[in-house]
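**Q** structure here, sequence nowhere to be found:
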């Protein structure tokens, strides 16, 4: 059975640029790790080339090498679009890299888009001026797992930005915990059939709208069950797995765990679903809005913080369980701690400014356009146990105090989980640090008149608008924003079927 191991890459161009990033090696294994785009501008400005590298005990390298029958390792990193980029390495080459200073890997994975076209403008890490030079990938064997559906190794994305985020929380003696729920359409198609059909007229796995249907799971039950069972064997915990409303739609809730592990599991679950689907002649799609007249596919994110003892700091004290906190901002937060309320205020204050980190694609904003009519938020709102709000407060009396958390309902299934979790936790931690007051009413107190007169803050309605709002002269923002500007440029240049059908004859 394939082995999954994690590798941390400290991506450092051979000259003055330091970019730490996470990679995973796999001897029939896969593992994520790393610091991506960390301290880039600082090191660039200082012209420093120093790199502190932690030596890996060779016994860990041997452990990660797996069975004596293992001969190769799949090593990869994840680009800004959440696509695994990598290659096969011989076991000998991998062991050599893991027990030394790493290996060189072409930086172009940060210099081109999802279809291997270089970005429209020169970005910091990888560009024509520096010759798309190599960056150094160093192996981090802190985790590994077996791949149950193949014998080939695999590698995962560097979790650099999220690592910075969790370290910032750790500096306050806090631990970030999260869960992700994916909704995704499933089609009776293959890559070949989809291409032949030119991506139109695709056949859903099952017909009709059948959310939470036990009957529909009897159809294609081997595929449905393999998704659950292979996830368990691949060490991706599943809390719930069911049909969702829409033709051929499933929803899978990944088990709550540490934020880093959650992001790893989220990106690996997509890989698993697509791999298992190939065995059954099924193509799962995590596209946010495949159909214009149906609800889209969400990637809801649940978050909380724990202290050094493991206590959920969003929960109220034992003395407050019966009647709630004495001084909440309003009744919706009375069973959430003051720290939780500050965290919520931090998200609400900044979420519209970091939308590309939660909704990174052109199509993702189509999911939000319909708003509440399609179970997707398009405004900066919150509410106790409200699925109509952008931020759903989950707290007593509907759950035990230890389960108190926030559900951020803005991201679609096409999100990059590392960026989404980083944005949410960084905004929330900022709210705690600044003790931001929650000065807006919950969604239950808002009216249509409030929306019309601007009392309700709306989210950006397109990737272009969101990217313009996000841009600022910071190294990570400039690079990631540049990749989103490129995506917008390609969209603006594209001619769609809708345009041809509407204007070709009558214009």
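**A** That came in fine, so what should we check first? Here the structure is a predicted model, which means the values were calculated and not measured. Numbers count the residues shown, from 1 in each chain.
**Q** OK, contacts around the closest residue in space to residue 428 that isn't next to it in sequence?
**A** Distance criterion C-beta to C-beta, 6 or more residues apart in numbering; nearest residue to residue 428, sequence neighbours excluded, is residue 343 at 3.8 Å. For glycine as for every other residue, the C-beta is placed from the backbone atoms N, C-alpha and C. When the contact criterion is C-beta atoms under 8 Å, 6 or more residues apart in numbering, the partners of residue 343 are 305, 314, 406, 428, 429, 431, 432.
**Q** first to last residue in stretch 467-481, what's the distance?
**A** For stretch 467-481, the first-to-last residue distance is 6 Å (C-alpha to C-alpha, to the nearest Å).
**Q** just stretch 500-507 next, same as before
**A** One end of stretch 500-507 to the other measures 10 Å (C-alpha to C-alpha).
**Q** got the buried residues for that stretch?
**A** Of the residues in stretch 500-507, none count as buried by neighbour count, 16 or more other C-beta atoms under 10 Å.
**Q** what does stretch 313-323 give?
**A** Of the residues in stretch 313-323, those scored as buried under the neighbour-count criterion (16+ other C-beta under 10 Å) are 313, 314, 315, 316, 320.
**Q** include pLDDT, secondary structure and distance to residue 442 when you put the contacts of residue 343 into JSON lines, please.
**A** Formatted as JSON lines, the entries for those read as follows, by pLDDT from 0 to 100; DSSP: H, G, I helix; E, B strand; the rest coil; distance: C-beta to C-beta, whole Å:
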{"residue": "305", "pLDDT": "98", "secondary structure": "strand", "distance to residue 442": "21"}
{"residue": "314", "pLDDT": "98", "secondary structure": "coil", "distance to residue 442": "17"}
{"residue": "406", "pLDDT": "98", "secondary structure": "strand", "distance to residue 442": "13"}
{"residue": "428", "pLDDT": "98", "secondary structure": "helix", "distance to residue 442": "18"}
{"residue": "429", "pLDDT": "98", "secondary structure": "helix", "distance to residue 442": "22"}
{"residue": "431", "pLDDT": "98", "secondary structure": "helix", "distance to residue 442": "17"}
{"residue": "432", "pLDDT": "98", "secondary structure": "helix", "distance to residue 442": "20"}
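**Q** show me which strand runs longest in the chain.
**A** Ranked by residue count and defined by DSSP state E, the top strand of the chain is strand 175-187.
**Q** what's in contact with stretch 113-122?
**A** Defining contact as C-beta under 8 Å, 6+ apart, one finds that stretch 113-122 is touched by 79, 81, 83, 108, 111-112, 128-129, 482-483, 485-487, 489-490.
**Q** make it 10 Å
**A** With contact meaning C-beta atoms under 10 Å, 6 or more residues apart in numbering, stretch 113-122 is reached by 79-83, 85, 108-112, 126-130, 132, 361, 478-479, 482-490.
**Q** quick check, nearest of the buried residues of stretch 313-323 to residue 471?
**A** Lowest distance from residue 471 to those (C-beta to C-beta) belongs to residue 314, with 32.0 Å.
**Q** what about that closest one, distance to residue 251?
**A** When distances are taken as C-beta to C-beta, to the nearest Å, residue 314 and residue 251 turn out to be 24 Å apart.
**Q** give me the number of residues near residue 311?
**A** Other residues near residue 311 number 12, with proximity taken as other C-beta atoms under 10 Å.
**Q** residues contacting residue 301?
**A** Neighbour list for residue 301: 178-181, 259, 262-263, 266, 358, 405-411, 415, 417, 420-421, 423-425 [criterion: C-beta under 10 Å, 6+ apart].
**Q** one more time with 8 Å
**A** Counting by C-beta under 8 Å, 6+ apart, residue 301 makes contact with 178, 179, 180, 407, 408, 411, 417, 420, 421, 424.
**Q** so where do the helices sit in the stretch 151-300 of the chain?
**A** Under the criterion DSSP state H, counting those that start in this stretch, the stretch 151-300 of the chain carries helices at the ranges 160-170, 191-196, 221-233, 259-280.
**Q** need those helices in TSV (columns: distance to residue 91).
**A** Below are the helices of the stretch 151-300 of the chain laid out as TSV (distance: least, C-beta to C-beta, whole Å):
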stretch	distance to residue 91
helix 160-170	26
helix 191-196	30
helix 221-233	23
helix 259-280	22
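**Q** between those helices, which gets nearest to residue 347?
**A** Closest among the helices of the stretch 151-300 of the chain, once you apply C-beta to C-beta, is helix 160-170, at 13.5 Å.
**Q** poorly predicted segments of this structure, please.
**A** 1-70, 138-158, 371-375 (pLDDT under 70).
**Q** closest to the centroid, which residue in it?
**A** residue 417 (1.1 Å; C-alpha atoms, centre = their mean).
**Q** contacts only, for it.
**A** With C-beta under 8 Å, 6+ apart as the criterion, the residues that contact residue 417 are 82, 180, 262, 263, 266, 267, 299, 301.
**Q** what's the closest of those to residue 216?
**A** residue 299 (21.9 Å).
**Q** that closest one reaches residue 184, doesn't it?
**A** No. The pair residue 299 / residue 184 is not scored as a contact, 9.4 Å apart, by C-beta atoms under 8 Å.
**Q** now do the shared contacts for the two.
**A** Taking C-beta under 8 Å, 6+ apart as the contact definition, residue 299 and residue 184 share the neighbouring residues 286, 413.
**Q** against residue 313, how distant is the residue nearest to residue 331 when sequence neighbours are not counted?
**A** Residue nearest to residue 331 in three dimensions, not counting chain neighbours: residue 384, with 7.6 Å by C-beta to C-beta, 6+ apart. Separation of residue 384 from residue 313 (C-beta to C-beta) stands at 19 Å.
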